[in-house]
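J.: sequence first, predicted coordinates after that:
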Amino acid sequence: MIGYILFLIWALPMIAAGLGLVLKKQAPFISIVTIALSFVISAMSPLLVKVPSVISYPWFALLGNQIRFGILVDGLSVIMGSVVAFVSLLIAIYSYKYMYGDWGHTRYWYFFSFFVGSMLLLVYASNLIVLLIGWEGTTLASYALIGHWYTDEDEERWVGDKGRYALGVPMWFTPSQSGVRAMVVTSFGDIGFITGIGMLYKVSGTISILGIESKIVEIISALDKSGLLLPFLIAFTMGAFAKSAQFPFYEWLVTAMTGPSSISALIHAATMVNAGVYLLLRFVPMLIQGAAVAGLYSSLNLFFTYVLIIGAFTAFMMASMAVVSNELKLILAYSTASQIGYMFMGIGAAYFISTPSIALFASLSHFISQALFKAAMFMAAGVLIEEFSSRYIKDMAGAYSKMKLTAIAFMLASLSLAGIPPFSGFWDKDLILESTMLSGNIIAYILGVTGAFMTAFYIFRAFTIIFVNKGDERFKEKEIKEAHAVMLWPYFVLGLLSLIFGIFWYFPNGGLASMMYSFVYRQSIPKLPTAQIFFSPLDVGISVTVALIGLLTAFYIYANRREVVLNSSILKKLRDFLYDRWYINSVYYRAFVYALNNLASFMRKNVEFGLFDRFYHNLVPRFIMGTGEKLRKFQRGDIGKYLLVLLAGALFLLIIGFIMVVLMYG
């Protein structure tokens, strides 16, 4: 019975969302308290029930099978759920002051709480239908939160440079546009995900995560025999790639920066974009175990190569865009998709190494690291943007003199993102790169290492411009001050945790990493072979060297205000190519948006107006009027003739009726 208390993990934020609509002034406090309770219950769940456990109750019947509504408590759900709740709690505290007095205050807190509840439901779901409810709940809430300032009046809330075009396509986006883009792109991926769920149910007759795990060998074998294994895997994981903003679905995440900075922190740090990572971490162990038992290793080879390469390419591509971006939140957005690319690299590499649990854990750990440092960065960015009334990093130069604590917090988070030891971002990123090297995919490894160099470069480019360089004359006229304590301490704590988590992450015979690794992969569903976490001195040396070169290069160029790009026409063209996001957004608009608009215009002109409108409003009335004119010629005013025609018609009908009766009854 005590296990049912764990339903409160996701239910409390949902209750807060409803209460906030009634108790509007108390909505922030209700949200903060309920999310805090969710975190406490989630963190204590291993003490309340045996791990792993499923707590459920009968829900409804589907094609003769009883579907149960429940939660799954195991190492993966406890760690991810606790991180989601903890980071969401700090963002909620930050939001109290950040969103104070906003005209959409009530709506903001409703969708904030609803979003957190949906994400926790997704993480703890015991079957795919419950997971899908949480999955789509985050989509709905993100649409509302990204487009929170939907009136589009304040251009400082936009993304991109107004007036800039790439291949004739506008490169600036408003909140209302961005909310729709997020909904459309992620929903497109969900088509594949839902299709995959349907295929899975047809083959296995179950949607329970434990049920799927118990039947994974026969599921893989049946799909492979029918030639549908690869199409199923691509469809099933399409939602994960879209939700986690991997190529080619990353565009929605870029323009999601039109939402409040607190929402950028929420979506980009520990919640929505990591839903795809969670889905893969949940089901990939089953695939690896099932393929080993069924002897179908080669059948899954192509799929995991696809995951590995897409992750590596996304990490590289998004980092290259961040190198030249001038908007602080846009740099962090590119960084988010890039870092999730590393998580996908680890998951893809896991299939090709002898101890896949090591690579999977590296991706899980990188999720935790990113949750800490990226949430800190976005919240600090929100303060900087509000203080300087600009989203451009060049306008923030000189911030250190007035915002020293924010500078320290941002520096701690930046060092973790750059992968500088002993920060947490170093350990797990290096473990991902080592796993990629061991997988034998040199292309993915090179992309990953190059991306690591660019990561250190772009984040310290931003840090140097904002906090190292001095402001111009306009800076002296601004009344810049440090963030309010309610906003400052959440991201300062997260910055410190990035360092503390890293310091205690690894010891040769223990550390936080070993504890978490043991908790997740020695008690996971299913159990995978485990090994001691180790680091190759050569790979560590490469990772540290690459990161330091990137960091020092950025400092050398931008602390001295060297205009390298302006002095080279080739670099300027490359810069424009990267700044305009490889022109991929423009290609999407020309191939899909504009093409569909042209098709709609053609249909409106030639079908709606040209065919239907002309037919119904022109040809049909003309036909009726013409027919009426012809019939009027028969009306001569001779009543006797009218009666004669009427009687003749009646007689004709009687004769026909008589003949039918004779034929039917003889």
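T.: Sure thing, it's come through. It should be emphasised that the depicted structure is a prediction, and the values quoted were computed from it without experimental measurement.
J.: please make it C-alpha for all contacts and neighbour counts, starting now.
T.: Fine.
J.: hey, what's Tyr57 bridged with?
T.: Beta-bridge partners for Tyr57, by DSSP bridges, are Phe69.
J.: dump the residue contacts of it.
T.: With contact taken as Cα atoms under 8 Å, 6 or more residues apart in numbering, Tyr57 is in contact with 68-70.
J.: next one: Thr138
T.: Thr138 neighbours (Cα under 8 Å, 6+ apart): 114-116, 118-119, 272.
J.: tabulate these (TSV), appending neighbour count and distance to Gly101.
T.: Formatted as TSV, the contacts of Thr138 follow (neighbours: other Cα atoms under 10 Å; distance: Cα to Cα, whole Å):
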residue	neighbour count	distance to Gly101
Phe114	28	21
Phe115	31	21
Val116	33	22
Ser118	29	26
Met119	29	27
Met272	26	26
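J.: do a quick rundown of the helices in the stretch 101-250 of the chain.
T.: Assigned by DSSP state H, counting those that start in this stretch, the helices in the stretch 101-250 of the chain fall at 105-124, 128-146, 175-204, 209-214, 216-225, 229-243.
J.: mind saving the C-alpha coords of the first one as PDB?
T.: Output in PDB follows, covering the C-alpha atoms of helix 105-124 (Å, rounded to 0.1, in the frame of the first residue of the first chain):
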ATOM      1  CA  HIS A 105       1.700  34.800 -14.700                       C
ATOM      2  CA  THR A 106      -1.200  32.400 -14.100                       C
ATOM      3  CA  ARG A 107      -0.900  30.600 -17.400                       C
ATOM      4  CA  TYR A 108       2.900  30.400 -16.900                       C
ATOM      5  CA  TRP A 109       2.600  28.600 -13.600                       C
ATOM      6  CA  TYR A 110      -0.200  26.300 -14.900                       C
ATOM      7  CA  PHE A 111       1.900  25.000 -17.800                       C
ATOM      8  CA  PHE A 112       5.100  25.000 -15.700                       C
ATOM      9  CA  SER A 113       3.700  22.600 -13.200                       C
ATOM     10  CA  PHE A 114       1.900  20.600 -15.900                       C
ATOM     11  CA  PHE A 115       5.100  20.200 -17.800                       C
ATOM     12  CA  VAL A 116       7.100  19.000 -14.700                       C
ATOM     13  CA  GLY A 117       4.300  16.500 -13.900                       C
ATOM     14  CA  SER A 118       4.200  15.200 -17.500                       C
ATOM     15  CA  MET A 119       8.000  14.700 -17.500                       C
ATOM     16  CA  LEU A 120       7.900  12.800 -14.200                       C
ATOM     17  CA  LEU A 121       5.000  10.700 -15.500                       C
ATOM     18  CA  LEU A 122       7.100   9.900 -18.600                       C
ATOM     19  CA  VAL A 123      10.100   8.900 -16.600                       C
ATOM     20  CA  TYR A 124       8.300   6.600 -14.100                       C
END
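J.: now Arg561, what's its secondary structure?
T.: What DSSP: H, G, I helix; E, B strand; the rest coil gives for Arg561 is coil.
J.: report how many residues lie close to it.
T.: Residues within reach of Arg561, counting by other Cα atoms under 10 Å, total 12.
J.: Ile310 now?
T.: 22.
J.: count the residues that sit near Pro508.
T.: Using other Cα under 10 Å, Pro508 has 10 neighbouring residues.
J.: I should have written Ala650 there, sorry.
T.: Count around Ala650 with other Cα under 10 Å applied: 11.
J.: what average pLDDT does stretch 290-309 get?
T.: For stretch 290-309, mean pLDDT is 91.
J.: what comes up buried for it?
T.: By 16 or more other Cα atoms under 10 Å, the buried positions in stretch 290-309 come out as 290-291, 296-297, 299-300, 303-305, 307-309.
J.: between these, which sits nearest Tyr100?
T.: Val307 (42.2 Å; Cα to Cα).
J.: can I get the buried residues of stretch 290-309 in CSV with secondary structure and distance to Gly75?
T.: Listed next are the buried residues of stretch 290-309 as CSV, based on DSSP: H, G, I helix; E, B strand; the rest coil; distance: Cα to Cα, whole Å:
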residue, secondary structure, distance to Gly75
Gly290, helix, 20
Ala291, helix, 23
Leu296, coil, 27
Tyr297, helix, 26
Ser299, helix, 29
Leu300, helix, 26
Phe303, helix, 26
Phe304, helix, 24
Thr305, helix, 27
Val307, helix, 24
Leu308, helix, 24
Ile309, helix, 28
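J.: Serialize those to TSV and add fields for distance to Leu663.
T.: Below are the buried residues of stretch 290-309 laid out as TSV (distance: Cα to Cα, whole Å):
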residue	distance to Leu663
Gly290	70
Ala291	71
Leu296	70
Tyr297	73
Ser299	68
Leu300	70
Phe303	70
Phe304	73
Thr305	75
Val307	73
Leu308	77
Ile309	77
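J.: helices along the stretch 501-650 of the chain, start to end?
T.: 512-521, 537-559, 569-579, 584-588, 594-602, 614, 620-632, 639-665.
J.: any idea which of those helices scores lowest on pLDDT?
T.: helix 614 (a mean of 68).
J.: mind listing what the residue nearest to Phe378 when sequence neighbours are not counted touches?
T.: Take Phe378 and drop its neighbours on the chain: the residue closest to it by Cα to Cα, 6 or more residues apart in numbering is Ala265, 5.1 Å away. By Cα under 8 Å, 6+ apart, the contact list for Ala265 reads 91, 374-379.
J.: ChimeraX command to pick out the buried ones of those?
T.: ChimeraX command restricting the contacts of Ala265 to the buried ones, with burial defined by 16+ other Cα under 10 Å:
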select :91,374,375,376,377,378,379
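J.: in helices only, show me the contacts of Ala265.
T.: Counting by DSSP state H, the contacts of Ala265 place 91, 374-379 in helices.
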